[in-house]
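**Student:** The following block contains a protein sequence and its predicted model.
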Amino acid sequence: MILALSRLPARRLFGNRRAFVALGGWSLASLGLALWSAHGGAQTSATNALLGVYASFALPLVTFALTGAIARGDKLQAAARSLTRVGASGPQAVVAHVAVAIVACVVVGSILGMGVAALAHGKEDPSIAADIVTCAWVGALAGGAYGGVFSLGSCFGPRGAGRSAVLVANWLVGGGILGSLLPLAHVRSLLGGDPAGALSQRGSAFALLAIALTSALLCAWRGRKPL
Amino acid sequence: MIRLTDVTANEGKIQIAAVTLGMSAGTTAVLGAPNDGTSLLLALMAGAAKVSRGVVRVVEDDPRSAQTRRAIGYVPLVVDLPEALHVTDALTLMSAIRGAAIDVKTALARFGLDGLAQVRVSRLSRAQARSVALAEAVASSVVRVLLIDEPFVSMEPSAAAALASALKSATNRCVVIATSSPVDARDLAASHVVLTSGRVTRLGTSNDLIQSGGVARLVALAEDPRALLGALASEPDLLSIESKGRAVVVTARDLETAARAIGRGVITSGTSLDSLDVEHQGP
């Protein structure tokens, strides 16, 4: 049933021009900056581009736009109302939306990460193939975590304003215990930045996975009472 | 099929107060202005609004449960359909959720909506969306309770025309319509409930609705009917206001209420009346 219900959020995503404008804009910006960084002659230009633009801005903002399009800029429970009104279970309808968000963000995060790594490759960066493979799985994990955590934010506040609160908190809290609850610190750690709190890179990878899964479960819990 | 026991609820300034009702198979009209709580009462039955006290049971269960909602066809003034899908896909998905497939083509054709099959739901007008929601609910074999708010307001003409016969054939269903028009209530429903300021003030069959003095209709021929209509729109005691050319037809619970409202409307709008007559209806 979740697969059948996911047709609605999937069509919502593909029919939303604003999400594609955000996706195209931030992709171009991060790829352009990656190229500029590579031609600037920095020794570790891929690392700079990945940490500076991709991890900090492009990925959060693109996934924010994608989850917003799936929730049609509203509370997630309200976005699922046309399904629950005719008898779909609230948790199932909400999970269908979260699943589409996570899959879309995984794909976009992974492809965008690979593109930035390929274009911004510098002399002292790891081998380009290794960089692309790393960015593919880190981007996928990070995209999944953002898809989950932004969807969870969409379950709270008027018109899903919690999603914006998550975006701002993600930038403000940095590392530490609070930071380890949100994706940014882990993504930066996995791309060669400072560790997220006391976690190793492997710990950060598991943390991103845990953020995505926990967020999906909490969304299902929030969806048990349809609006 | 529907039972409300001592139900109290409010939504903004609109209230339902200590309403106890039972409805079984057949068509019942809830008569009153939206401010009297008719729309809220339907929303409570559909599980789309919360009760603050009392119990609502639809097909012997809580209308907010997923299983019960599958048996409810709810057509409010603004319907919530899967807006990103085409009409055919939306109806197919909705029927899959309800658990019984429908023949979408036949369902739409019955209400003259064939032309909308490949239109994206978000591109439908409010009237088209309401008509599509109605077509889905009527076609579904799972739907046992049909709740329609103002059946002839914001409805495609072809759907409105087919509605009466569709309701007459739905003899094994519990159909509840909320309307401010006593004529619609009499034409569509076998029994009625009059709601006044959120309280049930009258229960009965619809045959005696017009004749028993329960409502009065006045026809005002005004120099500027649009101005009069605008002024009457804010009159809380009127059951309905209709425009027929230069005539403005006003329905209230008694002649005095209708006449006083028109008097205030004339003063407020600054228009003048050419005539004022009582409209005679029924056998």
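**Tutor:** That came in fine, so what should we check first?
**Student:** So residue A:207, which state does it fall into?
**Tutor:** Here residue A:207 is recorded as helix under DSSP: H, G, I helix; E, B strand; the rest coil.
**Student:** Contact partners for it?
**Tutor:** Residue A:207 is in contact with A:180, A:186, A:196, A:199, counting by C-beta atoms under 8 Å, 6 or more residues apart in numbering or on different chains. The C-beta positions use only the backbone N, C-alpha and C, and glycine is treated the same way.
**Student:** near chain B, anything from stretch A:12-26?
**Tutor:** Yes - residues of stretch A:12-26 contacting chain B under C-beta under 8 Å from any C-beta of the partner chain: A:12, A:15.
**Student:** Any buried residues in that stretch, and which?
**Tutor:** For stretch A:12-26, a neighbour-count test (16 or more other C-beta atoms under 10 Å in any protein chain shown) marks A:12, A:13, A:16, A:19, A:22, A:23, A:26 as buried.
**Student:** and the first one, what element?
**Tutor:** Looking back up the chat, that one is residue A:12. Under the criterion of DSSP states H and E, residue A:12 resides in helix A:7-14.
**Student:** Beyond that helix, next helix or strand please.
**Tutor:** helix A:17-39.
**Student:** got the angle between that following helix and helix A:7-14?
**Tutor:** Interaxial angle, helix A:17-39 versus helix A:7-14 (axes from the mean of the first three to the mean of the last three C-alpha atoms, to 10 degrees): 50 degrees.
**Student:** Buried ones in stretch B:248-257, by neighbour count?
**Tutor:** B:248, B:249, B:250, B:251, B:252, B:253, B:257.
**Student:** so how far is the first residue of stretch A:121-135 from its last?
**Tutor:** 12 Å (C-alpha to C-alpha, to the nearest Å).
**Student:** Just the mean pLDDT for that stretch, thanks.
**Tutor:** In this model, stretch A:121-135 carries a mean pLDDT of 79.
**Student:** for stretch B:58-66, same thing?
**Tutor:** Averaged across stretch B:58-66, pLDDT comes to 90.
**Student:** That stretch near chain A anywhere?
**Tutor:** Yes - under the criterion of C-beta under 8 Å from any C-beta, chain A is reached by stretch B:58-66 at B:64, B:66.
**Student:** check contacts around the residue of the stretch 151-283 of chain B found nearest chain A.
**Tutor:** Chain A sits closest to residue B:173 of the stretch 151-283 of chain B, with a gap of 15.9 Å, by C-beta to the nearest C-beta. Residue B:173 makes contact with B:25, B:143, B:144, B:145, B:146, according to C-beta under 8 Å, 6+ apart.
**Student:** what's the helix or strand encompassing residue B:146 in contact with?
**Tutor:** According to DSSP H and E, residue B:146 maps onto strand B:145-149. By C-beta under 8 Å, 6+ apart, the residues outside strand B:145-149 that reach it are B:1-2, B:38-39, B:42, B:45-46, B:58-59, B:71-77, B:134, B:137-138, B:167, B:170, B:173-178.
**Student:** Show me what the mean pLDDT comes to for that strand.
**Tutor:** Strand B:145-149 carries an average pLDDT of 94.
**Student:** Please apply the same query to stretch B:274-283.
**Tutor:** On average, stretch B:274-283 scores 65.
**Student:** hmm, back to that, what's the spacing between the residue of the stretch 151-283 of chain B closest to chain A and residue B:71?
**Tutor:** Going from residue B:173 to residue B:71 by C-beta to C-beta, to the nearest Å gives 10 Å.
**Student:** what do those two both touch?
**Tutor:** Applying C-beta under 8 Å, 6+ apart, one finds that residue B:173 and residue B:71 are jointly contacted by B:143, B:144, B:145.
**Student:** Make JSON lines out of those and add neighbour count.
**Tutor:** Shown next, in JSON lines, are the shared contacts of residue B:173 and residue B:71 (neighbours: other C-beta atoms under 10 Å in any protein chain shown):
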{"residue": "B:143", "neighbour count": "23"}
{"residue": "B:144", "neighbour count": "20"}
{"residue": "B:145", "neighbour count": "24"}
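**Student:** hmm, back to that, filter the contacts of residue A:207 down to just the ones in strands.
**Tutor:** Using DSSP state E, no member of those sits in strands.
**Student:** Residue B:204: which of the residues you listed is nearest?
**Tutor:** For these, the minimum distance to residue B:204 (C-beta to C-beta) is 66.9 Å, reached by residue A:180.
**Student:** That closest one and residue A:224, how far apart?
**Tutor:** Taken as C-beta to C-beta, the span from residue A:180 to residue A:224 is 28 Å.
**Student:** More neighbours: those two, which one.
**Tutor:** residue A:180 (21 against 11; other C-beta atoms under 10 Å in any protein chain shown).
**Student:** Am I right that that one is in contact with residue A:208?
**Tutor:** No - applying C-beta atoms under 8 Å, one finds residue A:180 not in contact with residue A:208, separated by 10.4 Å.
**Student:** Can you pull the residues that touch both of those two?
**Tutor:** residue A:186.
**Student:** Cheers, nothing more for now.
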